[in-house]
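Colleague: I would like the atomic coordinates for the input below:
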Amino acid sequence: MPDFARLTQRSFTGISLLVLLMFSPLFVGCQDAAMPELETNPNPHLVTYEGNEGPGVGKHIVMLAGDHEYRSEEILPAMARILSKQYGFKTSVFFTLDDEGFIEPGSSNIKGLEALETADLLIMGLRFQDFPEDEMQHIVNYLDRSGPVIGIRTSTHAFAGIEGQFAKYNWNYEGEEYLKGFGRQVLGETWAGHYGTNHEQSSLVVPLEAEAGHPVMMGVSDMHVQSGGYFANPMPDSRPLAVGVVLNGMSADAEPDPEKEQVPVVWTRSYTGANAQEGRVFTTTHGASEDFLNDGFRRMMINAAFWAAGMEDSITSDMNIDFVGPYNPVTFAFDGYRLGVRPADMAGWDSPIMDASKPTTQPATEEN
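Modeller: Here you go, the predicted model:
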């Protein structure tokens, strides 16, 4: 074995080959121990943040990041860090991955959703998912027990292509008993179409005057978001909190589009699970990762988490909504996501979300 001999001569001068072979298992073991993601997080789909001080101590929030365009894999861990570091919640953020363990938005490859058994709140950033049946069962179990839900952006059409016992959760389900699936029946609306052109028309999110006193709107102002508007006509039992003003431009001072009426873009409602109890729901048709840069929108989302979890008494108008660690959202687009990122790369408080040196895929044509 001449190559191996040269290696041992160069690296272990004076050590016999016999001694080297005796200790080689130890060296391999040391290499394995240097892989923290295997030691600290046995589920490669998951990053967890543990809070230790604040009103959220003892509460568990589960977040599902799996949309193709609006970078839920960025906004949800950033939101999780704020809730954990500033307010004490335990947050578990799950991501859809490729076969090599890197984040692949919208891949439907997800594992570990039994975490929902202990969840006090579910926050979703999903689009057209067809999760494995055993993972989907955990979501259904959560809904059956009327767990509170927050849905952002494409979560109105979170599921598609599901066959079998969970087909009714598809966004376009036609059965009268669960018409238009999870989006309509739980969040209050399914996919109803674009109402503003992405990357050409941004929006102002304007709280309704009559809802200024709602806990979700406490301290909230000046919401300007980058994601284009969606049309929505929420279920009649929904309570709109804000409408969208579609702008002819990407800056907050752009002129409103005179052809676009103001439609609800933020609302609350409740749904009834199999246990006949009611679960709180907060829905917004915005929620791209760039939207989270806006202080008003970010405050609304943090308030919404408290409200949905039944903790509105803890909401104040000056709650700390500062980012925890670097936040580097890319410009949202189909594909357009950062390559070579594992959930474990965002562990802790100081790692970037995400590493700005990582390349992105090429943006593809917009769909919905």
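
Colleague: All the helices of the stretch 51-200 of the chain, in order from the start?
Modeller: With DSSP state H, counting those that start in this stretch, the ranges of helices along the stretch 51-200 of the chain come out as 72-81, 87, 133-144, 181-182.

Colleague: If we go by neighbour counts, what in the third one is buried?
Modeller: Judged by neighbour count using 16 or more other C-beta atoms under 10 Å, the buried positions of helix 133-144 are 135-143. Any C-beta I mention is one placed from the backbone N, CA and C, and that applies to glycine too.

Colleague: Relative to V281, which of these is nearest.
Modeller: V281 lies nearest to L143 out of the buried residues of helix 133-144, by C-beta to C-beta, at 10.6 Å.

Colleague: So what's the residue count around the closest residue to L126 other than its chain neighbours?
Modeller: Nearest non-adjacent residue to L126, counting by C-beta to C-beta, 6 or more residues apart in numbering: A158, 3.9 Å away. When counting by other C-beta atoms under 10 Å, one arrives at 28 neighbours for A158.

Colleague: got a pLDDT number for A309?
Modeller: Predicted confidence (pLDDT) for A309: 98.

Colleague: ditto for A34
Modeller: 35.

Colleague: one step back: can you put the buried residues of helix 133-144 in JSON lines and add pLDDT and distance to F102?
Modeller: Shown next, in JSON lines, are the buried residues of helix 133-144 (pLDDT from 0 to 100; distance: C-beta to C-beta, whole Å):
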{"residue": "E135", "pLDDT": "98", "distance to F102": "19"}
{"residue": "M136", "pLDDT": "98", "distance to F102": "23"}
{"residue": "Q137", "pLDDT": "98", "distance to F102": "26"}
{"residue": "H138", "pLDDT": "98", "distance to F102": "23"}
{"residue": "I139", "pLDDT": "98", "distance to F102": "23"}
{"residue": "V140", "pLDDT": "98", "distance to F102": "28"}
{"residue": "N141", "pLDDT": "98", "distance to F102": "29"}
{"residue": "Y142", "pLDDT": "98", "distance to F102": "27"}
{"residue": "L143", "pLDDT": "98", "distance to F102": "30"}
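
Colleague: got CSV for these, with distance to L339 too?
Modeller: CSV is the format used below for the buried residues of helix 133-144 (distance: C-beta to C-beta, whole Å):
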residue, distance to L339
E135, 25
M136, 28
Q137, 31
H138, 29
I139, 28
V140, 33
N141, 34
Y142, 32
L143, 34
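
Colleague: would a markdown table of the helices of the stretch 51-200 of the chain with distance to V206 be doable?
Modeller: Listed next are the helices of the stretch 51-200 of the chain as a markdown table, based on distance: least, C-beta to C-beta, whole Å:
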| stretch | distance to V206 |
| --- | --- |
| helix 72-81 | 21 |
| helix 87 | 27 |
| helix 133-144 | 31 |
| helix 181-182 | 28 |
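
Colleague: So which of those helices is nearest T360?
Modeller: Taking these one by one with C-beta to C-beta, helix 72-81 is closest: 11.5 Å.

Colleague: Can you tell me which helices and strands that closest one packs against?
Modeller: Applying 3 or more C-beta pairs under 8 Å, 6 or more residues apart in numbering; DSSP states H and E, we find helix 72-81 packed against strand 46-50, strand 60-66, strand 90-95, strand 121-126, helix 295-308.

Colleague: Need the CA coordinates for the longest one. PDB is fine.
Modeller: To tie it back to what came earlier, the one meant is helix 295-308. The C-alpha coordinates for helix 295-308 follow below in PDB (Å, rounded to 0.1, in the frame of the first residue of the first chain):
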ATOM      1  CA  ASP A 295     -41.200  46.900  11.900                       C
ATOM      2  CA  GLY A 296     -44.900  47.200  11.800                       C
ATOM      3  CA  PHE A 297     -45.500  43.900  10.000                       C
ATOM      4  CA  ARG A 298     -43.000  42.100  12.300                       C
ATOM      5  CA  ARG A 299     -44.700  43.500  15.400                       C
ATOM      6  CA  MET A 300     -48.100  42.300  14.100                       C
ATOM      7  CA  MET A 301     -46.700  38.800  13.600                       C
ATOM      8  CA  ILE A 302     -45.300  38.700  17.100                       C
ATOM      9  CA  ASN A 303     -48.500  40.000  18.600                       C
ATOM     10  CA  ALA A 304     -50.400  37.400  16.500                       C
ATOM     11  CA  ALA A 305     -48.400  34.600  18.100                       C
ATOM     12  CA  PHE A 306     -49.300  35.700  21.600                       C
ATOM     13  CA  TRP A 307     -53.000  36.200  20.700                       C
ATOM     14  CA  ALA A 308     -53.300  32.800  18.900                       C
END
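
Colleague: first to last residue in stretch 45-53, what's the distance?
Modeller: End-to-end span of stretch 45-53 (C-alpha to C-alpha, to the nearest Å): 26 Å.
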